[in-house]
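Here is my input, please return the structure:
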Amino acid sequence: MKQQSHIQESGNNTLAVNSRKRGFTLIELLVVIAIIAILAAILFPVFARARENARRTSCQSNLKQIGLGFMQYTQDYDERLPAGGSATNTTLDDAIQRSGWRGYISNPLMPYIKSGQLWSCPSDAGTQQNQGVSGPVADPRFYKVSYGYNYSGTGGGFSMPSCSNSIAAMQRPSQFLLLWDSQNRWADGTNFWPRDVTEYLKKNHPYHSRHLETAGYLWADGHVKSQRLEQITYGQMGNLADNDPALNRPVTANNGTYTYP
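Residues are numbered from 1 along each chain as shown. Okay, the predicted model is just below:
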């Protein structure tokens, strides 16, 4: 009986020892935690980039549909882009009739586009609307807008030639910019340079280049492309002739200062 008891006690001790051996030591736990941290550091940026790529695709889809709206509008108006509007612009009722100052280019296009949501980029954290009379208002006629329109290149307002709101007068429609990612709704005068270009050079990418340091651009022929701002030239902002010396000058040249000719 003593021998049996000794064997049973020895067996119990062996089980206890084996049980203790199956546990993790502090070092082993730290190694596991370190491995998880390394994997997280590798994978989280990949997931974030994938999410932003998806937002960029959605934004480009918005611009493409807006481009179709532009085409329908110009077909109805003898190949002319929206211009002008109400003679006054001091109230919200005035703003909704305008495509320019205190209104927005989307207003005359709404019969063709029909959805204010298409004017909102999923990566834009701004609150600007299709009116500039006041701050954001809770009114179904007004909605968030995430794109800048080339008012100067289409209708004039800087020293570069414009197309005078005529598609037929454009030198190169496939290389003429209409709309792009920006919290600067009105690219009139030369303010594209102190706003979009300056913010880009300051690396304030949410302002203009919100999609992995690129922006979506809608061109006058309806195609959409994602590019970095330094790839955009004066000849794509204005209606320059093929022999114009500034044709291929990047908009970021001269430290982002507008210089023409």
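
pretty sure residue 181 is in contact with residue 212, am I right?
No. In this structure, residue 181 is not within contact of residue 212 by Cβ atoms under 8 Å, at 11.5 Å. For glycine as for every other residue, the C-beta is placed from the backbone atoms N, C-alpha and C.

Between those two, tell me which one has more neighbours.
For residue 181 versus residue 212, the count of surrounding residues by other Cβ atoms under 10 Å is larger for residue 181: 30 against 15.

After the lengthiest helix in the chain, which helix or strand is next? Please name it.
With DSSP state H setting the assignment, residue counts place helix 26-76 as the longest helix in the chain. Counting by DSSP states H and E, the next helix or strand C-terminal to helix 26-76 is helix 92-95.

same question for that next one, mean pLDDT?
The average pLDDT within helix 92-95 is 92.

for stretch 40-47, same thing?
Per-residue pLDDT over stretch 40-47 has a mean of 76.

Just the buried residues of stretch 102-113, please?
Within stretch 102-113, the residues that count as buried by 16 or more other Cβ atoms under 10 Å are 102-110, 112-113.

nope, stretch 227-247 is what I was after
Buried residues in stretch 227-247, counted by 16+ other Cβ under 10 Å: 229, 232-240, 244, 246-247.

One more: stretch 198-208?
198-200, 205, 207-208.

Pick out the residue closest to the middle of the chain.
residue 181 (4.0 Å; Cα atoms, centre = their mean).

Dihedrals phi and psi, that residue?
phi -60, psi 120 (degrees, to the nearest 10).

What sits closest to it if chain neighbours are left out?
residue 215 (3.8 Å; Cβ to Cβ, 6 or more residues apart in numbering).

mind listing what the host helix or strand of the one you found pairs with, with the direction of each?
Secondary structure from DSSP H and E places residue 215 in strand 215-219. Strand pairing for strand 215-219, using DSSP bridges, gives strand 177-181 (antiparallel), strand 224-227 (antiparallel).
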